[in-house]
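**Q** Quick one: sequence and predicted model below, then my questions.
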Amino acid sequence: MAPSRGDGAEPVPLDLSYPSKLVQTLDSHTGPVNVVKYNHGAKYLLSGSSDRSIRLWNPSLGKEIKCYNGHAQEVLALDITHDNAKFASSGGDRAVFLWDVPTGSVIRRMQGHFGKINAVGFSPDSQILASAGFDAKVMLWDMRASSRDPLQTLKEASSTVSSLILPSSPQIITSSHDGFLRTYDLRFGLLTEDLIGEPISSIKLSNSNPEESILVSTTPTGSSGEAKGEMKEEDKPKLRIFDRKDGSCLQTFTGHDTGGLARWAMGWGYGESTVLAGDREGRIWGWNVLDAKSLPSHPKQVHKKQITCLEINPRGKEMITSSLDGTIKVWHK
Amino acid sequence: MTSRLKHKLELENVNLNSAYLNESFVQIGTPLPALSEHKKDKQEYVPEWQQEVRDEQGRRRFHGAFTGGFSAGYYNTVGSKEGWAPSTFKSSRSNRANKVQRAEDFMDEEDLEHMREDRKLENTDTFKNDGFAGTREELGGKSLPSAIESLIAPSRSSIGEKLLQKLGWRPGQGIGPRVPLRKLKLQQGKLGKARAGIDDDEDEQMGDDTEGSKHTFAPRDVALLTFDAKEDKQGLGFVKGRGMGPLPVAMGARQLDDDDYDPYAEAGPSSRPLAFDGLDDDDEVIVMGGSTQPGLGSRSNKKNRYSAGRDLQQDTWHDGRPVLKGFALDPKGVPQDKWFALPDIPPDWRPRPARVWGTIKKWDQKPGEEEVKKEVIRGEPGQPLTFEQRGAALGEEQRTSKAKSVFEYMSSKDRERLASIASTAAQPPSQSLSLQAPPEEEEVMAPAATEVDIPPLSPRTASAALKGFIPYGDDLEKQDRYKSYLTSQTYNTTEPNPILKKGTFEEINKELRDFSSSARIFRPMSYAMSNRFTSGSSSLAVSDLKQAKPGLHIFDAEKAKLDLELGKPKVAEVVEAKKNLTPREQAAANGMYGKMTRETRNWYPTKLICRRWSVKDPHPEGDPNLGKDQKNTSNGNNALETMPLPTNDASWESKFIHQPTTPTTSTSTAATSTNEGSGTVGDTEVEKQPTNISEVGMANDINQGRDILTYEKPSIDIFKAIFASEDEDEDDEEEEEDKGLPGAESNQGVVRKEESSEAARYEDPFPVKEEGPVDIQTFKPVFTLRKEDNTDLKKKDKEKKKEKSKKRKGVLSFDVGDEGEDEDVQREEKKKKKKERDRNRTDGSKTANEGGDEEWVEKPSVVPRLVGRKGAADFM
């Protein structure tokens, strides 16, 4: 169900709930957990942490299956190939690592960025790997040949690229701290730039309607001398749903305080009737997509520190949150 | 330098050998080599990477990787290109080689050189070889041994010694003029050397004074007092190895008391009063021996010894040196310093220095009195006073506001007028809505909004914004409020009061402010541009300037208060400076996402990426920015024809105000077409349109300068029409007449044919379009591209006109292209044919001529036009 303006009166009462029963707490990481990612099939979970390790979990059982050591800096981004045989990770060490899942060895290191790499992503058939980060570049790597250099470097961004998505359609969607949401369309050879105006921290495509709506979170650079309690309207972090067709804003959610950090968790709730986000206190916020009102009995305290990543199982029964406090929590409905 | 200049001049085809180029005006310094010189200037500066490092033998250093690889290891090290050449060594059973290795075999050049140097013998001392001693005559006069000695014996004399010897000094003498005996004796006494054998001589010599007065003597040599540098850390006078015993207090006293003091009288040898005890035996012996000598206080000749002996005995320092004459040693010795024990500190006392610092600032200041601070006009040493501080110190009139606003430059009348305008503009719409607010609160909290303050918007902007993009698509109520606000701001509005949000005044005001800033994007371009300029006369007219009053200004409190009150409304008027936002950024800041914030342009993925994604390459022709030139040359005329007309940038204005009935704007359609994206793939026109009106002419206008870049030089005919002189035209006419002379049919046919072929090639550059009456207001001359216009071709007389213009073109001398040459050729052919024709005519083939005449009769329709010369107006 795509959120659309106008049709406020929905006959069927929406299911606004999301998994909220804590079943497992995965606390093997010895540092802040920066990213969690379901594999394709959503049975296993990969987590990357500032303790420089990547761990593979079975979240529902709460068991750690494997630990991948090899990074020299924190791990900030992960992505898994379509066949779940390999995964790519990146972070502070300015190189993208391609790992073999069963053996745990690094197959390839892709070097070329000169800053932290904030995001990696495989194309749907994993022939292309995109990486982007602090150096404001998006590099596209060929996964079928092991050349040293990227196939193409997209240099449109003028500031840190915070996240990127390679949806099933031949597109590359990137978000940058320069306030632009860029969509590179390969079919038409068009680049669409949407100015959001504030530094974008992350983007999430709608699952049901990836061609139409996208969730964009912005974290304005906290203007200096601003007291934390009295934030101006424009200095608050915001979540917006954009119509990808014409770039208009469909809904805006605000209210939570992320403490000025660029990385904060957000995501669509199951069925996309809700939008969830974590704040710096470790609380989880939920909004109704239709009226942008906070869900009742929110925010909820779930972690001790800022929530960095939030993943919802495509089947909707499970949710994973990771936090700066080093734990990953598994929630069931 | 010269070479570069030479090169430059050569490029410009300047004769380098010309005399006046090589004239030299150099007066000082080294002139640069003359330009005509062919040799390379050796002193010319060579950049660092071309400079070569050479060693003292002139061999090149640093071959190696940076200068050529192969030569590494050859030039300066190995000795041959092939590498080490092994020295031949043959040895057989019958003929044994007895190669003896020497040390030199293992030495390199430097070692050998070192060895050679070592073998050179040198003197250890410098021998007498001084120029003073060594003129040839002197040497010749000298005895052989002395001459040899002077060569062999090392010369130890310094130059100073030599000079002194030249002046008559001999070693062992003192320096100074020669003195008589008596003086010499005095000197000896002074020097204390009298104590030795001299005293004895004295007595003897005293007798023969006469002899003594006859001679003068060289003064006694005086040993220089040398002061050794003190390098240890011991105290003064301390001698190593001797302990520091107690100073004998009665040292001098005893001797004073007892003249006949005899050291022998005492039993112990160590009773000698010396400053230090612990003397070793050597010293003891010397002292004792000294006392046996006649000079040292012995009684042998007591009489005249008394004074001298007294001197000697009493007045010697501990190291044996005499005390200066006329002085005596203090018998008491050096008084000891007095030391006092520290007072008892109470056990519970704690130092609290802060208490002391706090009370007294200066050492001589008493804790009670405060230092009266002086008024400083000069300022701190490092920080000079600002003019304000100085003014305050001098008691000058204070400025009420530090930053001078524009209003201060206005005359008082203007200010009043402005204030009245501002008050009227701000009030009327809000008056009716204003809720009663407690007046005292207003006074206390001025910035807190107590009433709805509707920000004014110019009616033009408001109507433009209403027609433009309406933001707040996600909040319909807000959108309605926005619309109502805009309608309230338009001209002759029917609903002057906008719908307001429910909530506090702050919220309402904030929303309204947002609305106005959103709508301000739609400000017409003339406003946007006019904001950037100001007329020089109106803003700072001389008459408006406040005349400075001379003299000292004294602060007047009442006046200042008045000024303050006057200033209040002004301050409200001054708009606070904001960050400069582009319209796009402004739109994003106001949440007007959509068309305003979206921009689409071409993106060129590499081919391999497309293949990996299994997508067809959207731009198979590649990035046009990379191969633009090639494309242009290949496409040629096609590219020109597909090019759109230059956008008429002035046309937008009418869409806003003058034609309120036509709501759609070309830009909005353009924007939608871009947004559809898929429909207009690769449409170059989309790119060329400005994304929105407000960007036209702004910094981010993608079309900026495009017209200039793509401007094509108008056809040469235009220049021709305007600038062509009469003569040329007349020539043309003559030629045409020549051509058109009644002649052979065949000739006419040829001309015709040519004309028709030319007609195919040349179109009328100025096709007259059949349009209604031209509106002078809207008419703008536009250079259209050359296109075939069939309607024009139909008209016969126009065709003829065209023929004419075409012919002209053929005559043009500065036309470019091959056609011109072709024409020339053709014309020559024509001329040939004409000559033939003439010949035929003279031959008398009348019938042909008659036929030509018939043809000629038709022509007159053209003739009048030929007579009346065409001007530029004819082409319009």
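**A** That came through, no problem.

**Q** who touches the one helix or strand B:S517 maps to?
**A** If you go by DSSP states H and E, B:S517 is part of helix B:505-520. Contacts with helix B:505-520, where a contact means CB atoms under 8 Å, 6 or more residues apart in numbering or on different chains, come from A:233, B:448-457, B:461-462, B:465, B:471, B:478, B:481-482, B:485-486, B:489, B:498, B:500-501, B:586-587, B:590, B:592. Heads up, the C-betas are built off the backbone N, CA and C, glycines and all.

**Q** for chain A, what are the nearby residues on chain B?
**A** Within chain B, the residues that sit near chain A (CB under 8 Å from any CB of the partner chain) are B:473-474, B:476, B:510, B:584-585, B:587-589, B:591, B:593-595, B:597-606, B:608-610, B:612-619, B:675, B:677-678, B:681-682.

**Q** what's the single longest strand in chain B?
**A** Secondary structure of chain B per DSSP state E: the longest strand is strand B:598-602.

**Q** rewinding a little: show me how to select, in PyMOL, the buried members of the residues of chain B next to chain A.
**A** Buried residues within the residues of chain B next to chain A, by 16 or more other CB atoms under 10 Å in any protein chain shown, are selected in PyMOL with:
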select buried, chain B and resi 473+474+584+585+587+588+589+591+593+594+595+597+598+599+600+602+603+604+605+606+608+609+610+612+613+615+617+618+619+675+677+681
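
**Q** circling back to that earlier point, out of the contacts of helix B:505-520, name the ones that lie in helices.
**A** If you go by DSSP state H, those have B:T461, B:A462, B:A465, B:K478, B:R481, B:Y482, B:Y485, B:L486, B:Q489, B:Q586, B:A587 in helices.

**Q** Pick out whichever of those sits closest to B:A103.
**A** The nearest member of the ones in helices among the contacts of helix B:505-520 to B:A103, counting by CB to CB, is B:Q586 at 90.1 Å.

**Q** still on that earlier bit, CA atoms of the helix holding B:S517 as CSV?
**A** Provided in CSV are the C-alpha atoms of helix B:505-520 (Å, rounded to 0.1, in the frame of the first residue of the first chain):
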residue,chain,number,x,y,z
PHE,B,505,0.2,33.8,17.2
GLU,B,506,3.7,32.6,16.8
GLU,B,507,2.6,29.6,14.8
ILE,B,508,0.3,31.6,12.7
ASN,B,509,2.9,34.2,12.0
LYS,B,510,5.5,31.7,11.3
GLU,B,511,3.3,30.0,8.8
LEU,B,512,2.5,33.2,7.1
ARG,B,513,6.1,34.1,6.9
ASP,B,514,6.8,30.8,5.3
PHE,B,515,4.1,31.4,2.9
SER,B,516,5.4,34.7,1.9
SER,B,517,9.0,33.4,1.5
SER,B,518,7.7,30.6,-0.6
ALA,B,519,5.7,32.9,-2.8
ARG,B,520,8.6,35.3,-3.1
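
**Q** So which bits of that helix are buried?
**A** For helix B:505-520, the neighbour count (16+ other CB under 10 Å) marks B:F505, B:I508, B:N509, B:E511, B:L512, B:D514, B:F515, B:S516, B:S517, B:S518, B:A519, B:R520 as buried.

**Q** what's the average pLDDT for it?
**A** Mean pLDDT, helix B:505-520: 81.

**Q** same check, this time on stretch A:242-259
**A** 83.

**Q** Neighbours of A:K333, how many?
**A** 15 (other CB atoms under 10 Å in any protein chain shown).

**Q** hang on, the earlier thing: so which of the ones in helices among the contacts of helix B:505-520 comes closest to chain A?
**A** Set against chain A, the nearest of these by CB to the nearest CB is B:A587 (7.6 Å).

**Q** That closest one: what's its closest spatial neighbour, skipping adjacent residues?
**A** Nearest residue to B:A587, sequence neighbours excluded (CB to CB, 6 or more residues apart in numbering or on different chains): B:M596, at 3.5 Å.
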